[in-house]
Structure formats: structure tokens, C-alpha cells
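> need a 3D model of the following:
(chains A, B and C)
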Amino acid sequence: MKKIDFKKELNKEQYGVVTAGNGPHLVLAGAGSGKTRTLVYRAAWLIEQGVRPEKILLLTFTNKAANEMIERVRKLLSIKNNDKFPLWGGTFHSVANRLLRIYGKQIGIQSDFTILDRDDSDKLFKTIGKELFKNISAKNKPAPALLRETISFANNSKISIEESLEHKFPEWLPLLAYFEKVATEYKRRKKESNVLDFDDLLLEWKVLTAHPDVAKIFAKKWEYVLVDEYQDTNVIQAEIIFNLSREHKNILAVGDDAQSIYSFRAADIRNILEFPDKFKNCQLHKLETNYRSTPEILNLANQIIADNGNQFKKNLKAVKDSHTRPELVALRSNLEEAWFVADRVDQLLDRGMNAKGIAVLFRAAHHSQALEMELNKRGIAYEMRGGLRFFERAHVKDVLAYLKVLGNFRDEVAWLRILEMYEGIGPVTAQQLYRRIVEIKDIKELPDSKIELASKAGNSWSKIMEIFTRLIRSEEQNVGKLLNIIINPYGDYLSEKYTDYRQRQDDLDQLVIFASEYEALDLFLHEISLQETFSGREGRQEDGGNIVLSTIHQAKGLEWDAVFVISMTDQSFPHPLCVREEEKEEERRLFYVAATRAEKYLYLTYPLSMFRYDGHKSLKASPFIVDLDSNLFQHNELSRGVTYASDGVEYVVDEDYKESDDNGFLPDASDW
DNA sequence: AGATTTACTATTTTT
DNA sequence: TAGTAAATCT
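Next up is the predicted model:
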């Protein structure tokens, strides 16, 4: 095994964390301080010290982050690809998923469930809402997502539905009784369907870690627990961590309170603030050197966050050389904004920058629409993150529903989804059918069941039975081949329902390729609901990769040479629904996260008007921008007025703007 | 009664 | 665009 020169490869702060002894540690890591690097080296150091890799548990915010870290540890230790390397980890949810299946049986909790993702939860809430809210007028009916959010928030922060409702949607408090009724029924239906939703995964894992027998097994299993992005954990997750490290106390939590952006999902900043109280003899480390950004970008970021009251004081220092200041640009409309960004991207690419070094970030997924059209028009390849993910697309969910039923016969949401696709079967008939279907003991008896329906619906039912008969009778193990049985007849439905069916068919082809890697249906089903990275349409991969379009939330932890933050208007940032002071502070932290993604070039843009279905709307700069000292920017277009011409070619109207182009704030090829 | 079509409206962030 | 509600079919 190669010896790593930890002292040489890390700075003093990082070295302190990496070589920290046993016991609880809290690491307050600023943006760009090499947090991931530090965790990777920590794992490598432990292994060099003789800790077996399988004794380390790595908990991260995405599975992708975990996989990348593990790869880096492997490389660092020069472990060959085909050598076994049992270090593992992932998100709380995916780890919970695996553990519940293994250890659930031991203490008598569900272990053969399928997973209900967000969309499925909404479907179930919708069904239940319709049943229970029948006598309430349409306008006064809470949407399924609203029910789900309220109940989920209560679960994840250990508060009552009433408190949750008061916090999230106080205007709905008069309907409290209904929320509670729906919550009870939702729980019952999940149990009947043998499914767990995202909340259940955490809650059940917590039950598992609290059980004396299992707790002992876990304490032995992992001697070291490393948790990344600790600022975005919720109360349940903090309890899980506490239980996991109860015996050995070897917990290392890394986080940045200034980057806490998930409180809508019950992430609780108190987890970090109160960590030292909860874990006695905890050592506190700080990583305050910023390796990512230029001093100009860091200055801006520091001022963005300075106004926030509730935070650990950190003093981030830049080590990079001075470069140009961030640029602030006002455009006349969202279309011009798209042209501007596309032009700039073109220029950056022309001058030799790698496409994968460029990202465009925004507050909400739909802010990218105009830009996407413009990039498509110009043939600039991009990768879209945020918004609807692959496994959430309607057609993908449609075909997967058959597999879900095959894997878990009682899955109500999957059954309703299938049934309602067919002619003559609507919500009512589907529900009746489902009730009769679950009376059957085993899926193998389904083809022989005597369920019959009148004319049109009857025809549909035999079509459904035909597919299931083929699925059940086929001895096929390969999931790709199973999928083909479904996709062949589904194709007709697809082309009938969607005008863009060609593209959707492509998605399904991708899905078959992905599924062909799996020889066991169970494993496939378990993984897809928690898979956040597979994007389906990979597109043409250009040599230098693709530029990235992403919501700010999904950009967490990532970095690029050049970052555009678009749609920085008063109507989108902070989001207008954020009224409470603490909500505004979180929005400011979100802005901070966006700005600190940039290494060298940062552009903030905002349109002064927006075209919408109902005409056009006037916009102003985000108050967050107005608050900032204009000297921080290369240009302050606020005081200068409109800059961009709409023909999409002659875009430099403002003289200063042109001049500055020559000042070198646009990179030369020699810059990288 | 229940399915299907049509018209309308409102748009956060997600493991 | 996507989800919902009213209007119209079967």
C-alpha cells in the first residue's frame, strides 16, 4: 500500500481534521474549503491506521457524492479496480433501504416493501383526498402536494400535524381535522399496499437503530461514521447518527451553517448548532481557507451572507490570485437574458474553455425555459439538472408500474396507474378492481382469477391480463427483457397520448438499456426510486463535456470555472411566498451557495420584464442585489440602465460594457 | 354513473 | 406545461 504524505497534501486545518483521534468531531467548513477532499483523506487516513474499510460508514447528501468519494479513497490508496474495497455509504435513504431489508425481519418490521416516491405519494394523497373530501367544494380543497408536505414535515421534525400546518400553511388550519384524517388513512393505505415512502425509510431506520439488539450489531458494524452536509439533516437523521455512534462515539459531522438550504424539507440548523451539547467532549474544527474562488467572488459572497443574523461566525480567506470582479447585467426581457447568456457561453467556448467548466444556475426549474430554447437553437449541448428527473417522467413511471406490481402485488398506486391507462377504466372502476385484485393471495393466481368487466372495460382488462400472464409465465430474470414485454404493447398508448412520443420512446429505450444490467427484479426496483443521477438522455457528449443547467439546490457541493446566476429578480429571488424573516435568511443562504459555486467568472443577470401566458410583467432587481455594494461588481447596470439589443447579434449597447470587454474580464485562452 | 374531452389557470426548492 | 374542473359523451 502506497504511503500518503498527508502533511504535504493537506493544509494545516484539513490535516487536523483528517488525523483527529477517536470521539465526536464537528467540522465547520466554509464554502470551497476542500470539505470533500478532507473527508476523502480522513477515510484514507483511518484505513492507513489499520481500520478496515467496512468499518467506516459514509453518509452523504446524494448517492453520486458517496460513490465519487469512495472512488477517490480507492485511488488514493492505490487499490486496483478489480480488488474488493468494501467501504460503502450513500444517502440516509439508500442506506436505510438496504439495512431495512436485511435487518427488518429480525425485529418484525417490514422488509419486503416497494418504495413510494414523491410522485407516488401525491397520487395516493389524491386518491384519499377524493374519497374524504367529497363534500368540500373544489376551491377549498387542499392539493395533494400540500397534504403530503404538511404530513411529511410533521414526520421529519417530530411535531404534530397541527404544528406543521401552522408552520407551513396556516391558512389551512380550519381544515386541521381533515388533514389528520387523511394522514391516518394514508398511513393505513401504505401498510395495506406494503410500501414505504421516503419518510418511512428514515423513521424505520431510526426504530432499527433504537432497538437494543440491532443497535449492538450496528455499533460493531461501523466503528466510524462520517456525515457530510450536516447542516441539511433533520431531527430524525440526527437521532439516527446519535444511535449509531452511541457505543464508540466516533462520529465526524461536516457542515456549513451558511449553506443550510433545505429547511422546507425539515432540515434543522439546530442539529449543527447544538451538536456540541449533544455529543459530550466534542472537538470543534474550522476550515476557513477558500481554495475555490477568486478574492473578488469571495468578497461578494461574504457580503451576501453578512446580513444574516443567525450563524456561526466564520472568516473565509481566499488563496487564489486576484482576478476580475463579478459582473451584474440587466436585460430588457427574459428572452434577451437567454440571448446574453448563450452569447457569453459561445464566447467562453470560442476562447477555449471546456463546456463542463460552465454552469447556469437558477432559483426555480422553469427559469431555464427560455435559455434551453436558445441553446437548442444554437446547437450548444447542455445537461439539465433539477426539474423532472428521469424516473419521474410519466411514461417511465407507466412502464415501471407493471414491474412494481410484479414485485409487490399489493402496490395500490402502481395498480391504479396501470388500470387508468386503459380505455373504459377511470378512477372509480380502477379502485373497484384493485379491491378485488388484492383479495387474490398470490400474483400467480391472477391469470386464473374470474374478474370480469362489461364491454369496453372488459376488453381493456383482457389486454392487461395478457401482459401480466406473459410477465408471470416468462421465466425471464433479466429486467431489460421483462421491460420489453411491457413496452411493446405500451408503444401504441404512448403514440396515441403524446405528440412528442418519439422522444419518450427514446427514454424507454434508454430505460431498457439501463435495466438490462439487472438480473434480479427486486434489486432493480429497490434502486430506481432512490437513484437521482441517471438522466436518460445523455445527449451527444461533446469533447469537453456539456455545460450544466441546474437549480441552485442541485448545484450544492459542486463548482465551475464560470457560473451564471440568472433570473435574479424581485419576483423570483427571494421567492415571493417567503415572508418570514427566517425564510428570507434561507433564501439569502441560497444566493450565497450560488455565488460560491464560481471559481473564476461569476455573472449575475436579471430581466426587467418577463413574457408570460397572460401578457408581460415588469420586474426589478432582486432586493438581495440592491442591498449589495455596487463596487463589488465589474458593472452595476442598475445605475446604467438597459444594455442589450433584441436582435440577438448586436448585443453591446452600453459603451462601458464594450470597453470592459477589452479590460480583460473576459478570459484569454492563456487563462486556462 | 362513470369515462373522456375541453377549457382554464397558476407555476419553489427535493433525498 | 400540467393539473384540475366543468361539460359532454357512452
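> tell me the helices and strands packed up against the lengthiest strand in chain A.
Once chain A is assigned using DSSP state E, the strand that runs over the most residues is strand A:598-607. In terms of contacts (3 or more C-beta pairs under 8 Å, 6 or more residues apart in numbering; DSSP states H and E), strand A:598-607 is packed against helix A:295-306, strand A:327-331, helix A:334-350, strand A:560-565. (Each C-beta comes from the backbone N, C-alpha and C, glycine too.)
> so which of the ones you listed comes closest to A:Leu608?
Closest to A:Leu608 of those is strand A:327-331 (C-beta to C-beta; 6.0 Å).
> may I have the closest one exported as CSV, CA atoms only?
Taking Å, rounded to 0.1, in the frame of the first residue of the first chain, the C-alpha atoms of strand A:327-331 are listed here in CSV:
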residue,chain,number,x,y,z
GLU,A,327,-20.5,41.0,-13.4
LEU,A,328,-24.0,42.3,-12.9
VAL,A,329,-26.2,42.6,-16.0
ALA,A,330,-29.7,43.9,-16.5
LEU,A,331,-31.6,42.8,-19.6
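> picking that back up, out of the helices and strands packed on strand A:598-607, nearest to DNA strand C?
Comparing those by their distance to DNA strand C (C-beta to the nearest atom of the strand), the top pick is helix A:334-350, with 15.6 Å.
> is DNA strand B within reach of the closest one?
No - Helix A:334-350 does not reach DNA strand B (C-beta under 7 Å from any atom of the strand); its nearest approach is 12.8 Å.
> what does that helix contact?
Helix A:334-350 is contacted from outside by A:329, A:331, A:355, A:358, A:360, A:370-371, A:373-375, A:378, A:380, A:547, A:562, A:564, A:566-567, A:601, A:603, A:605-607, A:609-611, A:644, A:646, A:648, A:651, A:666-667, using C-beta atoms under 8 Å, 6 or more residues apart in numbering.
> show me which residues of the stretch 251-400 of chain A are close to DNA strand B?
Neighbours of DNA strand B within the stretch 251-400 of chain A, by C-beta under 7 Å from any atom of the strand: A:Ile261, A:Tyr262, A:Phe264, A:Arg265, A:Arg363, A:Ala364, A:Ala365, A:His366, A:Gly386, A:Gly387, A:Arg389.
> quick one: least confident of those?
The pLDDT minimum for those sits at A:Gly387, where the score is 64.
> lowest confidence element among the helices and strands of chain A?
When each helix and strand of chain A is scored by mean pLDDT, DSSP states H and E, helix A:655-660 comes last, with a mean of 36.
> show me what contacts A:Asp570?
A:Leu619, A:Lys620, A:Ala621, A:Ser622, A:Pro623 are the contacts of A:Asp570 under C-beta under 8 Å, 6+ apart.
> cool, and A:Pro489?
Applying C-beta under 8 Å, 6+ apart, we find A:Pro489 in contact with A:Lys463, A:Glu466, A:Ile467.
> closest one of those residues to DNA strand B?
The closest of those, once distances to DNA strand B are taken by C-beta to the nearest atom of the strand, is A:Lys463, at 12.5 Å.
> which SSE is that closest one in?
Take DSSP states H and E as the rule and A:Lys463 turns out to sit in helix A:455-473.
> find the nearest non-adjacent residue to the residue of chain A found nearest DNA strand B, please.
Nearest residue of chain A to DNA strand B: A:Gly426, at 2.3 Å (C-beta to the nearest atom of the strand). With C-beta to C-beta, 6 or more residues apart in numbering as the criterion, A:Gly426 has its nearest non-adjacent residue at 6.5 Å, and that residue is A:Glu420.
> just the pLDDT at that neighbour, thanks.
Note for A:Glu420: predicted pLDDT of 87.
> try A:Leu388
What the model reports as pLDDT for A:Leu388 is 66.
> ranges for the helices of the stretch 401-550 of chain A?
For the stretch 401-550 of chain A, the helices defined by DSSP state H, counting those that start in this stretch occupy A:412-419, A:427-437, A:455-473, A:479-497, A:501-515, A:521-528.
> so where is chain A shaky, pLDDT-wise?
Low-confidence segments of chain A (pLDDT under 70): A:1-2, A:135, A:137-139, A:310-311, A:386-388, A:451-458, A:532-544, A:612-616, A:635-672.
> which residue is nearest the middle of it?
Closest to where the C-alpha atoms of chain A average out (C-alpha atoms, centre = their mean) is A:Gln554, at 5.7 Å.
> list the buried residues in stretch A:169-186.
A:Phe169, A:Trp172, A:Leu175, A:Tyr178, A:Phe179, A:Glu180, A:Val182, A:Ala183, A:Glu185, A:Tyr186 (16 or more other C-beta atoms under 10 Å).
> show me what contacts A:Leu175?
A:Leu175 is in contact with A:Ile136, A:Asn140, A:Pro142, counting by C-beta under 8 Å, 6+ apart.
> which stretch of helix or strand covers the last one?
When secondary structure is defined using DSSP H and E, no element contains A:Pro142, which sits outside every helix and strand.
> that one against A:Gly129, yeah?
Yes - using C-beta atoms under 8 Å, A:Pro142 is in contact with A:Gly129, at 7.5 Å.
> just to revisit the earlier point, what values do phi and psi take at the residue nearest to A:Gly426?
Listed backbone geometry of A:Glu420 is phi -70, psi -10, with angles given as degrees, to the nearest 10.
> quickly note the distance from it to A:Asp627.
For A:Glu420, the distance to A:Asp627 equals 50 Å [C-beta to C-beta, to the nearest Å].
> need phi/psi at A:Leu176.
Dihedral pair for A:Leu176: phi -50, psi -50, per degrees, to the nearest 10.
> surely it meets A:Glu162?
Yes - if you go by C-beta under 8 Å, A:Leu176 and A:Glu162 touch, sitting 5.7 Å apart.
> start to end distance for stretch A:608-619?
The separation between the terminal residues of stretch A:608-619, taken as C-alpha to C-alpha, to the nearest Å, is 5 Å.
> which among the contacts of A:Pro489 end up buried?
When those are checked for burial by 16+ other C-beta under 10 Å, the buried set is A:Ile467.
> which among the contacts of A:Pro489 are in contact with DNA strand B?
By C-beta under 7 Å from any atom of the strand, no member of those lies near DNA strand B.
> of the helices of the stretch 401-550 of chain A, flag the one that's most buried.
Of all the helices of the stretch 401-550 of chain A, helix A:412-419 has the most neighbours on average by mean count of other C-beta atoms under 10 Å, namely a mean of 24.
> centre of the chain to it, how far?
Mean C-alpha position of helix A:412-419 versus that of the full chain (C-alpha atoms, centre = their mean, to the nearest Å) differs by 26 Å.
> repeat that for stretch A:61-78.
Worked out by C-alpha atoms, centre = their mean, stretch A:61-78 lies 18 Å from the chain centre.
> hmm, back to that, ok, and of the residues of the stretch 251-400 of chain A next to DNA strand B, which contact DNA strand C?
When C-beta under 7 Å from any atom of the strand is applied, no member of those is adjacent to DNA strand C.
> looking at those residues, which is nearest DNA strand C?
Nearest to DNA strand C among these is A:His366, at 8.3 Å by C-beta to the nearest atom of the strand.
> I'd like the distance between the closest one and A:Glu559.
Using C-beta to C-beta, we find A:His366 at a distance of 25 Å from A:Glu559.
> in terms of neighbours, single out the busier of the two.
When neighbours are counted by other C-beta atoms under 10 Å, A:His366 and A:Glu559 differ, and A:Glu559 comes out ahead with 17 against 12.
> so which elements touch the helix holding A:Lys463?
Packing contacts for helix A:455-473, counted by 3+ C-beta pairs under 8 Å, 6+ apart, involve helix A:394-407, helix A:479-497.
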